[in-house]
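A.B. asks: Following is a predicted model, sequence given first.
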Amino acid sequence: MAEFETPTQLVVAANKTREAGYVDVDAYSPIPIEELHHAIGFKHTKLPLMVLIGGLLGGIGGFSLEYWVSAIAYPLNVGGKPLVSWPMFIPVTFECTILGAALTTVFGMIMLNGLPMPYHPVFNVPRFAMASRNRFFLCIEATDQQFDLDRTRAFMNTLGAHEVTTVAE
Amino acid sequence: MAQSNQPLADRMEPVAGSGTPIVIAPGHNFASVTDKISSIVLTTRTPIPYYLALLTAAGLAGLLLMSLSYLVVKGIGIWGNNIPVGWAFDITNFVWWIGIGHAGTLISAILLLLKQTWRTSINRFAEAMTLFAVACAGIFPLFHTGRPWLAYWLFPIPNTMAVWPQFRSPLIWDVFAVSTYATVSALFWYVGLVPDVATLRDRAKGKVAQRIFGMMSLGWRGSARHWHRYETAYLLLAGLSTPLVVSVHSVVSFDFSVSVLPGWHTTIFPPYFVAGAIYSGFAMVLTLAIPMRAIYGLEDFITMRHLQNMAKVMLLTGLIVAYGYGVEAFTAWYSANYYEGFMMMNRLTGPYWPQYWALIFCNVIFPQLLWFKKVRMSVPMLFIMSIIVNVGMWLERFVIIVLSLHRDFLPSSWGMFQPTFWDWSTYVGTIGLFLTLFFLFVRLLPVISIFEMRTIVPEAKVQEGHGH
C-alpha cells in the first residue's frame, strides 16, 4: 500500500498501476475523486439499473394496492367516480415509486459495497487513519495475478509515494 | 490580509477578481477542514451554555409531552377546535413544520443537481433540520385524530374489520407522501453521514465513541470503488428527492384545494404552497445558521456568500408567495363568485383582520428590504428577517385554515376560533422538541459535511495532463 499527499499524485499512480497490468487494485481517499475509479479500472456499476427496477416495482406495487383495495376488496362509490379512478391514484403511485427507488438506492449501494464490513486488513496499518482526513492510499491486493511481494513492492516504490507499507491479513 | 477586525470570510474577498464573496475562506486544506468541524463533536469539554440551551429546549419538549398526554386522556376539546373550525392550530402547525422541512431537501438535492457548490457547508444541518421538522410535523396529524390509538386505520393493512382506506382522499395521499418524505430524508441524511462518521471513528479518543461511530460508519474506508457507487447513489437520491419535495407539499396543499371551500378550492395552491415552503424553510435555515456559525466559529465555512444567497432565495420565493396572494385577491374579484368575494373581504376586514394584515406585513412588505444589499450583508438584519418570515408563514397557514372554516357558505354555520393554552403549549412544545433534537445533533454529529467541504478546498482539484 502506498501513501500519497495529493489526489493528483494518487490518480497518476493509479493510472501507472493499471497500465502496468495490475487489476486487483483499490484506492482510498477522504474525498470522492471523479477520475479515480477509471484510473483503477472500475468502470460500471449496476446501481442505476437496480434503482430503476426498484422504482418500477414500487410504482406497480402502489398502483396495484390501490386498484385491489378500490375495485375488489372494499369498493366505495365516492362522488360517482369509477371504481378504478386512476387520476386519483396517481399521488400514492408516485410516492411509492419514489420510495421503492430510494430504498433500492440506499440499500443497493450499501450492499453492493459489501458494507457493513467493520474489519478490513487495511485498518491494521496505523497510518491508514489518515485516509479519512487528508492522505491518499493505493493498495495492490495480494490476490492479483501479477502480485509478487518483492516485485510489486519495488514497483510501488517507483510511484513517488510518501511511504510504502505491506498490509498484513 | 487581516486589515480589519471582521472575520475573513465576512468581507467581500474577490474570487478571481469577480467581486463576489467567497464560498470557503482561503487558507484551508483537507486537514484544517476536518479538524475544525470534527472538533465540535470530539471535544471532551462540553461548554456550560450548551447544557443550559439543551435543558431549556428539553423543558419545552417536556411541555409537549405533557400537552400530548393530556390531549390523549381528555380529547380534542382541550384545544380551541370547534364546529365549524374543525382544523386550527393542529393543521396550521403541521403545514408549517412540513414547509420548513422542504428547504433542507432543496439545498441537499436540488442545489446539488444544479451544481451549486455553495450548498456544501449548509446542506448537512439543513437536512437534519428537515428530518426534525418532519418529525414535529408528523405529531399533528397523528394526534389531531381524536382517537390516536386508532391511527393504524390510516394504513392499508389487512385488519379484522375488513375495512380499507379510501385512496381518493388527500388525507391518505398525505400519509403516503409524508411517510415517504420522512423515510427518504432520513436515508439521504444517513448516507451523507457515513463517510463523516468514518472520519470521527478514526479520530475519536474514547472507546465508546469509537465503537458507536464505528458501527454507524458501517466500516467505511474510503475505497474508490465504494466512492463511485456512493456518488452514483447520492446523485440518484438527489434526483429522486427533487420531485419528491415538490410532490409532498403539493399533496399537503391538496388537503385544502381538493375541497370546495372558498379560499381553499383553488388551483394555485400546489405551486403557492411549495414556494411558501421554500420561503419558510430558508428562513429557518438562516435562523439556525446565523447563531451556529457565530457560536462555533464557522464563519470560514458558512460565509457571507451563503447568507446572501439564502437571502436572495428568500426574496425570490417571497415574491412568488406575494404573487399568490395577489392572484387570490384578483380571482376573488374576477370570478364574480359571491362566496369567493366574501371570503376575500372577510380576510381584509373581518374579525381576524389583524392576523391577515400582520401576514401581509411579515411576508410581503418587510422582506422587500432584502432588495437592498446593505440589508443582505447585515447579519443581524438577516436574523430578524428570518424570524419575521417564519412568523408570517405561520400566519399564512392560520389565515388559510381558520378564516375559510369559520365563515363559509351558510351564515348560520359561522363561528369563531380562540386558541387555548393547550393549543399554544403543544405548538411551543414542538419547537422545543425540534430544538432539542437539533442541539443533540450539533453536539454529537458533524454539522457541516466534512467530506464535501474537503472537495471544495483548492488542493482537492486533480491537475490534468500528468503522464496518462
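C.D. replies: Structure received.

A.B. asks: Which strands and helices lie in contact with the helix or strand in which B:V178 is found?
C.D. replies: Per DSSP states H and E: B:V178 is located in helix B:170-203. Applying 3 or more C-beta pairs under 8 Å, 6 or more residues apart in numbering or on different chains; DSSP states H and E, we find helix B:170-203 packed against helix A:86-112, helix B:30-42, helix B:89-105, helix B:123-143, helix B:207-216, helix B:224-257, helix B:450-455. Just so you know, the C-beta spots here come from the backbone N, C-alpha and C atoms, and that holds for glycine as well.

A.B. asks: can you redo these as a markdown table with distance to B:L71 and mean pLDDT?
C.D. replies: As requested, the helices and strands packed on helix B:170-203 are exported to a markdown table (distance: least, C-beta to C-beta, whole Å; pLDDT from 0 to 100):
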| stretch | distance to B:L71 | mean pLDDT |
| --- | --- | --- |
| helix A:86-112 | 28 | 95 |
| helix B:30-42 | 36 | 88 |
| helix B:89-105 | 10 | 94 |
| helix B:123-143 | 6 | 95 |
| helix B:207-216 | 35 | 90 |
| helix B:224-257 | 21 | 93 |
| helix B:450-455 | 41 | 90 |
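
A.B. asks: B:Y279 against B:E396, yeah?
C.D. replies: No. Counting by C-beta atoms under 8 Å, B:Y279 does not reach B:E396; the two are 9.3 Å apart.

A.B. asks: Need the residues touching each of these two.
C.D. replies: B:V321, B:N363 (C-beta atoms under 8 Å, 6 or more residues apart in numbering or on different chains).

A.B. asks: Residues touching stretch A:63-80, excluding its own?
C.D. replies: Outside stretch A:63-80, the residues that reach it (C-beta under 8 Å, 6+ apart) are A:83-86, A:89, A:92-93, A:96, B:156, B:162-168.

A.B. asks: Among the helices and strands packed on helix B:170-203, which comes closest to B:G75?
C.D. replies: helix B:123-143 (10.8 Å; C-beta to C-beta).

A.B. asks: now the helices: where do they sit in the stretch 351-468 of chain B?
C.D. replies: B:353-360, B:373-376, B:379-398, B:404-406, B:421-444, B:450-455 (DSSP state H, counting those that start in this stretch).

A.B. asks: Comparing those helices, which comes out most buried?
C.D. replies: helix B:450-455 (a mean of 25; mean count of other C-beta atoms under 10 Å in any protein chain shown).

A.B. asks: neighbouring contacts of that one?
C.D. replies: So helix B:450-455 is in contact with A:30-32, A:134, B:24, B:30, B:33-34, B:37-38, B:120-121, B:123, B:192, B:195-196, B:199, B:301, B:460, going by C-beta under 8 Å, 6+ apart.

A.B. asks: can I assume A:F4 is in contact with A:R135?
C.D. replies: Yes. If you go by C-beta under 8 Å, A:F4 and A:R135 touch, sitting 7.1 Å apart.

A.B. asks: and residue 140, what is it in contact with?
C.D. replies: With no chain named, the answer covers chain A. A:M1, A:T17, A:Y22, A:D24, A:V25, A:F147, A:T152, A:M156.

A.B. asks: that answer is for a different chain, and I need it for chain B
C.D. replies: So B:F140 contacts B:D90, B:I91, B:N93, B:F94, B:W97 (C-beta under 8 Å, 6+ apart).

A.B. asks: do you know how far the residue nearest to the fourth one when sequence neighbours are not counted is from B:A128?
C.D. replies: This means B:F94. In this structure, B:F94 finds its nearest non-sequential neighbour in B:F140, 3.9 Å apart by C-beta to C-beta, 6 or more residues apart in numbering or on different chains. When distance is defined by C-beta to C-beta, to the nearest Å, B:F140 is 20 Å away from B:A128.

A.B. asks: now do A:L83
C.D. replies: 43 Å.

A.B. asks: between those two, who's got more neighbours?
C.D. replies: B:A128 (23 against 12; other C-beta atoms under 10 Å in any protein chain shown).

A.B. asks: Without its sequence neighbours, what residue ends up closest to the more buried one?
C.D. replies: Distances taken as C-beta to C-beta, 6+ apart place B:F441 nearest to B:A128, at 4.9 Å, with adjacent residues excluded.

A.B. asks: cool, B:P419 as well?
C.D. replies: B:G80 (4.9 Å).

A.B. asks: Assess the claim that B:M304 and B:S378 are in contact.
C.D. replies: No. Under the criterion of C-beta under 8 Å, B:M304 makes no contact with B:S378, lying 10.0 Å away.

A.B. asks: more crowded one of those two?
C.D. replies: Taking other C-beta under 10 Å, B:M304 and B:S378 do not tie; B:M304 has more neighbours (23 against 16).

A.B. asks: and the more buried one, how far is that from B:A289?
C.D. replies: Distance from B:M304 to B:A289, by C-beta to C-beta: 12 Å.

A.B. asks: Could you count how many residues lie near residue 70?
C.D. replies: With no chain named, the answer covers chain A. 25.

A.B. asks: My question was about chain B, not that one.
C.D. replies: 14.

A.B. asks: got it, and the one 5 residues further on?
C.D. replies: Number of residues near B:G75 (other C-beta under 10 Å) recorded here: 11.

A.B. asks: which secondary structure element contains the residue lying closest to it once chain neighbours are set aside?
C.D. replies: Leaving aside its chain neighbours, B:G75 sits nearest to B:G146 (6.4 Å; criterion: C-beta to C-beta, 6+ apart). According to DSSP H and E, B:G146 maps onto no helix or strand at all.

A.B. asks: Now B:G146. Its backbone dihedrals?
C.D. replies: Here is the backbone geometry of B:G146 (degrees, to the nearest 10): phi 90, psi -40.

A.B. asks: A:L138 too?
C.D. replies: According to degrees, to the nearest 10, A:L138 has phi -120, psi 130.

A.B. asks: Kindly confirm whether my reading is correct that it touches A:V25.
C.D. replies: Yes. Counting by C-beta under 8 Å, A:L138 does reach A:V25; the two are 6.9 Å apart.

A.B. asks: Break down chain A into its strands, ranges please.
C.D. replies: Secondary structure of chain A by DSSP state E: the strands cover A:2-4, A:25-28, A:136-140, A:163-164.

A.B. asks: For B:S108, find the nearest of the ones you listed.
C.D. replies: Closest to B:S108 of these, according to C-beta to C-beta: strand A:25-28, at 25.5 Å.

A.B. asks: Can you give the contact residues for the closest one?
C.D. replies: A:10, A:14, A:17-18, A:36, A:39-41, A:122, A:128, A:131, A:136-141, A:144, B:221-225.

A.B. asks: list residues touching both of B:M304 and B:S378?
C.D. replies: If you check B:M304 and B:S378 against C-beta under 8 Å, 6+ apart, no residue is contacted by both.

A.B. asks: where in chain A is pLDDT low?
C.D. replies: A:169 (pLDDT under 70).

A.B. asks: Pop the domain breakdown of it in here.
C.D. replies: A:2-44+A:121-164, A:47-112 (automatic domain parsing).

A.B. asks: If you count contacts, what does whichever strand or helix holds B:K312 end up packed against?
C.D. replies: Using DSSP H and E, B:K312 maps to helix B:304-334. Using 3+ C-beta pairs under 8 Å, 6+ apart as the contact definition, the elements that helix B:304-334 packs against are helix B:269-295, helix B:338-349, helix B:373-376, helix B:379-398.
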